[in-house]
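A.B. asks: prediction below, plus the sequence it came from.
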Amino acid sequence: MAKLGTAIVESILLHYGHAEFLSRLSDPFWFQALGSVMGMDWHSSGITTSVIGALKRGLNPRASELGLYVCGGRGKQSRKTPDELRSLADQQGLDGEKLVRTSRLTAKIDNNCIADGFQIYLHSFIVAANGEWAVVQQGMNDETGFARRYHWHSATVRDFLQQPHTGIVGEPLGEIMNLVDTQAQPAQDALLTIAHDSPDITIGQIRHLKMPRHHDVRAENVDLKRLGAVLAVAYDRDLRSFADLLLVENLGPRTLQTLAMVAEVVHGTPVRFSDPARYSFALGGKDGHPFPVPLKTYDEAIDVLRRSLDASKVDGKEKAEGFRRLNQFVDVVEKRMQPDVDLPGLVEHELAISSSLGGRTVADDRRRQHRRSGSVQMSLF
């Protein structure tokens, strides 16, 4: 195969030149035909390894004469590609580091940016004396045993992130995610935004939120120390006085409990939101879990927020900064005091004061609606 392949390549070079040969090599159908004519089964994934191996053995000893170099190969040979390219660049006066970067970039794109279930195990980089190049890579899907081949040609690459391939060929295995497709620009922009963000922000965004099937809030769903800090600030007389000072408000403990959690939602770091159930203790839940929504507290919390926002428009943001200071204060209380909380006792307390705070759920609305409907029906008969 080495002898025949070399003769075929030499003939193409003679008649059409290096650019044409690299162009053909980057055509997956032509490559398959070359493998077939060299004696490989036409549908065998082994064609890629055999053709590249044969061309490397046949062409490289005559590289200086033919002006063509085959670098890389399968497995361990692929990892030698950077050194082979640097050596070639020294001989031909090419930019070796640029070639190495291109080699690595094509490998990373095919392995990481095309999420098709194939892992690259063969990487070959064919270079002409003038620096023009072609890349042929192959990946394997371990589950199916199928192979997929990826072809590149420098003459057709305008942008490595915009449809850079001359061809990708293999058995179709469903939809794939291709981040170098022409329609993938929004996804690329989003990835760049993530890369420029603080790691804390990124980690906070990629965590998976798993919600349990049960509706009631249980101790395992809540960071009790964090919740305990909020309650300490709301109900401990000294802490509450200081929190009121931060907000420049004279608030009842229940409203302060709510506003402390609101402040955290506004100003807290992403890591603070690993237990979203905790925030249901700010204003309850519409289904009554962990307790009915306290409408009076709800209204008072809105009033405080609204006043602070309106005041900040007139006097600058100092008024609104109170919520940032409140969040920082609760954080300090949590770290220094490490308070805990009796969750069943807290729920029992909230249920006990619910009626005084205008506690309400959607079930109450349904009962009201049912009573209204019933009275209308009675009047009709």
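C.D. replies: Alright, I've got the coordinates.

A.B. asks: surely residue 347 forms part of a helix?
C.D. replies: Yes: under DSSP: H, G, I helix; E, B strand; the rest coil, residue 347 falls within a helix.

A.B. asks: wait, it sits on residue 291?
C.D. replies: Yes: between residue 347 and residue 291 there is a contact at 6.2 Å, judged by Cβ atoms under 8 Å. C-beta: built from backbone N, CA, C; applies to glycine.

A.B. asks: so for these two, which residue has more residues nearby?
C.D. replies: residue 291 (24 against 16; other Cβ atoms under 10 Å).

A.B. asks: separation between that one and residue 359?
C.D. replies: According to Cβ to Cβ, to the nearest Å, residue 291 and residue 359 sit 7 Å apart.

A.B. asks: mutual contacts of the two, please.
C.D. replies: Common neighbours of residue 291 and residue 359 are listed as residue 284 (criterion: Cβ atoms under 8 Å, 6 or more residues apart in numbering).

A.B. asks: what sits against residue 277?
C.D. replies: Counted by Cβ under 8 Å, 6+ apart, residue 277 has contacts 217, 221, 222.

A.B. asks: tell me how many other residues surround the first one.
C.D. replies: Looking back up the chat, that one is residue 217. 21.

A.B. asks: mind checking the SS state of it?
C.D. replies: coil.

A.B. asks: now it. Nearest residue, chain neighbours left out?
C.D. replies: Among residues not flanking residue 217 along the chain, residue 290 sits closest, at 4.3 Å (Cβ to Cβ, 6 or more residues apart in numbering).

A.B. asks: surely the one you found touches residue 279?
C.D. replies: No: judged on Cβ under 8 Å, residue 290 makes no contact with residue 279 at a distance of 10.9 Å.

A.B. asks: between these two, who's got more neighbours?
C.D. replies: Higher neighbour count among residue 290 and residue 279: residue 290, with 21 against 17, using other Cβ under 10 Å.

A.B. asks: quickly note the distance from the more buried one to residue 67.
C.D. replies: 77 Å.

A.B. asks: ok, now residue 170?
C.D. replies: For residue 170 relative to residue 67 (Cβ to Cβ), the value is 31 Å.

A.B. asks: just residue 339 next, same as before
C.D. replies: Residue 339 is 76 Å from residue 67, by Cβ to Cβ.

A.B. asks: between the two, which one's more packed in?
C.D. replies: More crowded of residue 339 and residue 67, by other Cβ under 10 Å: residue 339, with 19 against 15.

A.B. asks: got the phi and psi for the more buried one?
C.D. replies: Backbone torsions of residue 339, given as degrees, to the nearest 10, read phi -70, psi 150.

A.B. asks: that one reaches residue 234, doesn't it?
C.D. replies: No: counting by Cβ under 8 Å, residue 339 stays clear of residue 234, with 11.2 Å between them.

A.B. asks: in the stretch 1-150 of the chain, what spans have low per-residue confidence?
C.D. replies: 41-45 (pLDDT under 70).

A.B. asks: quick one, helices of it?
C.D. replies: 2-16, 18-25, 28-37, 46-59, 63-66, 76-79, 81-92, 96-108 (DSSP state H, counting those that start in this stretch).

A.B. asks: return the set of buried residues in the fifth one.
C.D. replies: Neighbour-count burial for helix 63-66 flags 63, 66 (criterion: 16 or more other Cβ atoms under 10 Å).

A.B. asks: now for it, which elements pack on it?
C.D. replies: Where contact means 3 or more Cβ pairs under 8 Å, 6 or more residues apart in numbering; DSSP states H and E, helix 63-66 is packed against helix 2-16.

A.B. asks: figure out how far the helix it packs on is from the centre of its chain.
C.D. replies: 46 Å (Cα atoms, centre = their mean, to the nearest Å).

A.B. asks: I appreciate the help and will end here.
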